[in-house]
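Enquirer: Provided below are the primary sequence and the corresponding predicted coordinates.
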Amino acid sequence: MAASENPATRWLTQEEQQAWRAYLRAHRELQVALDRDLTDFGLSLPEYELLSMLSEQEGDRARMSVLADLVVQSRSRVTHTAKRLEQRGWVRREPTPEDGRGVALALTPDGRRMIESVAPVHVHSVRANFIDLLSEAQLVSLHDSFAKVRAHLVPGARADDEIH
């Protein structure tokens with residue numbers, strides 16, 4: 001049953017509301033901080049994420065649909081981001097050899113150099129603004145919590161690596 005069909009609304013308790021709002025604010029502020037730390041490179045966080053995901057794929061290439069799933073964005077948004085990266089010479093579009101109908105995005109040598117130069121700055125930002133602020137137990141709890149949320153939202157999705 002959809003939430004809007006539920007006749008008896010279960011309002012959030014004060015503690016639940018505080019937790020929800022803390023998550024929303026921290027998530028948004030973290031994205032702003034991570035994005036800000038990429039500006040010296042002329043990159044946005046979504047652009048960095050796309051380059052990073054490509055750099056982790058076999059042969060530095062992936063189907064656009066796979067990338068959309070990896071970065072949890074619509075295919076049209078990934079297409080727009082890819083277009084900006086393509087104009088900078090960091091990626092190129094290629095037909096997929098498997099069926100010739102799909103489109104793959106491939107990291108260029110300039111794109112590989114860019115991601116390799118930006119990655120240390122991004123990792124430092126992730127550590128300084130997130131990872132190093134939490135204990136190991138908090139990180140495990142956070143992972144478990146969000147893995148559970150993701151499993152609910154995307155049944156059958158590939159689980160992230162365990163950190164236990």
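Expert: Received, thanks.
Enquirer: just give me the neighbour total for H152.
Expert: For H152, the neighbour count with other CB atoms under 10 Å is 8. For glycine as for every other residue, the C-beta is placed from the backbone atoms N, C-alpha and C.
Enquirer: what of E86?
Expert: Taking other CB under 10 Å as the criterion, the count of residues near E86 is 15.
Enquirer: and if you look at R88?
Expert: Residues near R88, counting by other CB under 10 Å: 14.
Enquirer: phi first, then psi, for it.
Expert: phi -90, psi 0 (degrees, to the nearest 10).
Enquirer: please name the residues that touch it.
Expert: For R88, the contacting residues are G42, D110, by CB atoms under 8 Å, 6 or more residues apart in numbering.
Enquirer: how close does it sit to V154?
Expert: Applying CB to CB, to the nearest Å, the value for R88 to V154 is 31 Å.
Enquirer: excluding chain neighbours, what is closest to L45?
Expert: Once flanking residues are discounted, L45 sits nearest to D35: 4.3 Å by CB to CB, 6 or more residues apart in numbering.
Enquirer: residues near that neighbour, how many?
Expert: D35 has 16 nearby residues by other CB under 10 Å.
Enquirer: show me what the helix or strand encompassing it is packed up against.
Expert: Under the criterion of DSSP states H and E, D35 resides in helix 14-36. Helices and strands touching helix 14-36, by 3 or more CB pairs under 8 Å, 6 or more residues apart in numbering; DSSP states H and E, are helix 45-55, helix 109-129.
Enquirer: which element follows the longest one toward the C-terminus?
Expert: Think helix 109-129. Downstream of helix 109-129, the first helix or strand assigned by DSSP H and E is helix 136-153.
Enquirer: please export the C-alpha coordinates of that following helix as PDB.
Expert: The C-alpha trace of helix 136-153 is given here as PDB (Å, rounded to 0.1, in the frame of the first residue of the first chain):
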ATOM      1  CA  GLU A 136      34.400   2.800  13.500                       C
ATOM      2  CA  ALA A 137      31.200   1.700  15.200                       C
ATOM      3  CA  GLN A 138      29.300   4.700  13.800                       C
ATOM      4  CA  LEU A 139      30.600   3.900  10.300                       C
ATOM      5  CA  VAL A 140      29.500   0.300  10.600                       C
ATOM      6  CA  SER A 141      26.100   1.400  11.900                       C
ATOM      7  CA  LEU A 142      25.700   4.000   9.200                       C
ATOM      8  CA  HIS A 143      26.600   1.400   6.500                       C
ATOM      9  CA  ASP A 144      24.200  -1.200   7.900                       C
ATOM     10  CA  SER A 145      21.400   1.400   8.200                       C
ATOM     11  CA  PHE A 146      21.700   2.700   4.700                       C
ATOM     12  CA  ALA A 147      22.300  -0.800   3.200                       C
ATOM     13  CA  LYS A 148      18.900  -1.700   4.700                       C
ATOM     14  CA  VAL A 149      17.200   1.400   3.300                       C
ATOM     15  CA  ARG A 150      18.800   0.700  -0.200                       C
ATOM     16  CA  ALA A 151      17.700  -2.900  -0.100                       C
ATOM     17  CA  HIS A 152      14.100  -1.700   0.600                       C
ATOM     18  CA  LEU A 153      14.200   0.900  -2.200                       C
END
